[in-house]
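S.K.: need a 3D model of the following:
(one chain, ligands or ions: 2)
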Amino acid sequence: MARARFHSLAVAEVRPLTSASVEVTFAVPEELHGDYDYLPGQHVALRAHVAGKELRRSYSLCRPPVPGRISIAIKRDLGGAFSTWATSELRAGDRIDVMSPQGTFTLPAERTAGRHIVGIAAGSGITPLMALAGGILAGSPSSRFTLVYTNRTAIDVMFLEELADLKDRYPARLALHHVLSREQRSAPLLSGRIDEDRLRRMLDTLIPPDSVDEWFLCGPFELVQLCRDVLEEFGVERSRIHFELFTTGEPTEPRGDIGRPVVVHKGERTAQIDFTLDGLSSTVTTPVDANESVLNAALRVRPDVPFACTGGVCGTCRARLVSGDVRMTENYALEPEELERGYVLTCQSHPLTDRVVVDYDV
Ligand SMILES: Cc1cc2nc3c(=O)[nH]c(=O)nc-3n(C[C@H](O)[C@H](O)[C@H](O)COP(=O)(O)OP(=O)(O)OC[C@H]3O[C@@H](n4cnc5c(N)ncnc54)[C@H](O)[C@@H]3O)c2cc1C
Ligand code: FES
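M.R.: Ligands and ions are numbered 1, 2, ... in the order given. The predicted model follows:
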């Protein structure tokens, strides 16, 4: 798989979804079709200058793949710099840097036939599940999909019409349950917050876990954690529970240590970081006492090193540790198999040995 990189894409359409969210569609020119091939569930990073500051944020692709177009949905986060700008300022015809898709919140086609897949989403967490549900139901006629989608009220529901259309298209294979936390629905089980008690009752009655092959969770940290814990108590193997976090629930400033000015003074004990990016090898040293991330150090010599969230959630800064050792502060993005294969998040990795070698190209 080629390394993800930015290209400038034109906004083809901005479509309001709710009062606080928009769907943004980008036109992908023919020569870039290969770069923007993706699997449902993957995401792209956007890069824009907002109020004079470069911001990078990740957004999940919200539709099954079609050549020539990619779509994301952005929900305004109260006080959020990028989402406030994008939901109010972005217009058709604007150009913006979009990284090619990446991410492992996906399901290979061979694991969809005859399977029952369940998605649990909250708020903007619906975006990757729109792509997954649509893609799996269309691509695998023997699959079934159950989608539990929770919002505060009915007017907060993103893709309300598209979800209803999907249900009309696959009435027997799609089960759709809207849960509203601040509005009464006719079914008491679907009215109120999804807490442990409600989740257990849903699993006892609506979605018995032994009828399910794969679980996809996307929403706030607390909801995803609750679902993982309760599903494991119900005996669901970890390998069948996939999850995507948009944030860790922690305040987002400061965002990692990107841009932290680190200077190497003469005579100071340093670690050497060697890295390969686009076939080119580079070297940088970092003062051991600075506890700098591999990414921050690498950016000093190569501004094109990939990153987006700098918080250990998006996986954009992934590289393979070839030699040496690092300590990873957080990891919300890498799967256990990726860790076993030696992948690290360079935004979270701090050298533990005098020399560390990482490869961004594999
Ligand atoms: C893999 C991935 C996929 C994603 N997909 C989507 C998607 O499909 N749709 C979507 O809408 N979002 C998605 N996100 C989230 C998205 O990337 C952004 O994080 C989100 O839009 C908020 O960005 P922002 O710049 O508007 O907010 P930020 O400016 O980053 O702020 C985020 C929140 O923190 C608060 N905050 C800011 N500064 C501070 C501070 N100093 N102290 C306390 N609180 C503070 C803000 O008020 C706001 O509520 C995804 C994230 C990831 C990692
Ligand atoms: S930049 Fe997002 S995980 Fe490192």
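S.K.: in the protein, which spans are helices?
M.R.: With helices called from DSSP state H, the chain shows them at 81-89, 126-139, 160-169, 196-205, 221-233, 294-301, 336-340.
S.K.: tabulate those in TSV, adding columns for distance to Val322 and mean pLDDT.
M.R.: In this view, the C-beta of every residue, glycine as well, is placed from N, C-alpha and C. Formatted as TSV, these follow (distance: least, Cβ to Cβ, whole Å; pLDDT from 0 to 100):
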stretch	distance to Val322	mean pLDDT
helix 81-89	34	97
helix 126-139	31	98
helix 160-169	44	98
helix 196-205	42	98
helix 221-233	32	96
helix 294-301	12	96
helix 336-340	15	94
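S.K.: so which of the ones you listed is nearest ligand 2?
M.R.: helix 294-301 (6.7 Å; Cβ to the nearest ligand atom).
S.K.: list the buried residues in the closest one.
M.R.: For helix 294-301, the neighbour count (16 or more other Cβ atoms under 10 Å) marks Val294, Leu295, Asn296, Ala297, Ala298, Leu299, Arg300 as buried.
S.K.: so which of those comes closest to ligand 1?
M.R.: Distances from ligand 1 to the buried residues of helix 294-301, taken by Cβ to the nearest ligand atom, are shortest for Leu295, at 15.4 Å.
S.K.: do I have it right that that closest one meets Pro351?
M.R.: No: using Cβ atoms under 8 Å as the test, Leu295 is too far from Pro351 to be in contact (11.8 Å).
S.K.: follow-up on the earlier one: and of the buried residues of helix 294-301, the nearest to Phe145?
M.R.: Leu295 (36.7 Å; Cβ to Cβ).
S.K.: could you measure Cys317 against Tyr343, distance?
M.R.: 10 Å (Cβ to Cβ, to the nearest Å).
S.K.: could you check which of those two has the larger neighbour count?
M.R.: A count of neighbours by other Cβ atoms under 10 Å puts Cys317 above the other of Cys317 and Tyr343, at 28 against 21.
S.K.: the more buried one: what's it in contact with?
M.R.: Going by Cβ atoms under 8 Å, 6 or more residues apart in numbering, Cys317 touches Leu295, Val305, Pro306, Phe307, Ala308, Thr310, Leu345, Thr346, Cys347.
S.K.: re earlier: and the helices of the chain, which is most packed in?
M.R.: Ranked by mean neighbour count, the helices of the chain are led by helix 126-139 with a mean of 25 (mean count of other Cβ atoms under 10 Å).
S.K.: quick one, that helix and helix 160-169 angle?
M.R.: Interaxial angle, helix 126-139 versus helix 160-169 (axes from the mean of the first three to the mean of the last three Cα atoms, to 10 degrees): 20 degrees.
S.K.: Arg193 and Ser181 touch, don't they?
M.R.: Yes: look at Arg193 against Ser181 with Cβ under 8 Å: they come within range, at 4.5 Å.
S.K.: stretch 300-316 close to ligand 1?
M.R.: Yes: using Cβ under 6 Å from any ligand atom, stretch 300-316 reaches ligand 1 at Cys309, Val313, Cys314.
S.K.: what does the stretch 101-250 of the chain put close to ligand 1?
M.R.: Counting by Cβ under 6 Å from any ligand atom, the stretch 101-250 of the chain sits next to ligand 1 at Ser124, Thr127, Glu244, Phe246, Thr247.
S.K.: let's see that with 8 Å instead.
M.R.: The stretch 101-250 of the chain comes close to ligand 1 at residues Gly103, Phe105, Gly123, Ser124, Gly125, Thr127, Pro128, Glu244, Leu245, Phe246, Thr247, as judged by Cβ under 8 Å from any ligand atom.
S.K.: now those residues: which count as buried?
M.R.: Applying 16+ other Cβ under 10 Å to those flags Gly103, Phe105, Gly123, Ser124, Gly125, Thr127, Pro128, Glu244, Leu245, Phe246 as buried.
S.K.: before we move on, the earlier item: kindly indicate which of the contacts of Cys317 lies nearest ligand 1.
M.R.: Nearest to ligand 1 among those, with distances taken as Cβ to the nearest ligand atom, is Ala308, at 7.1 Å.
S.K.: tell me, how many residues neighbour that closest one?
M.R.: Neighbours around Ala308, by other Cβ under 10 Å: 25.
S.K.: what pLDDT does Glu250 get?
M.R.: Note on Glu250: pLDDT of 64.
S.K.: could you pull up the residues touching Val294?
M.R.: Taking Cβ under 8 Å, 6+ apart as the test, what Val294 contacts is Ile273, Phe275, Ala319, Val326, Val344, Thr346, Cys347, Ser349, His350, Pro351, Val356, Val358.
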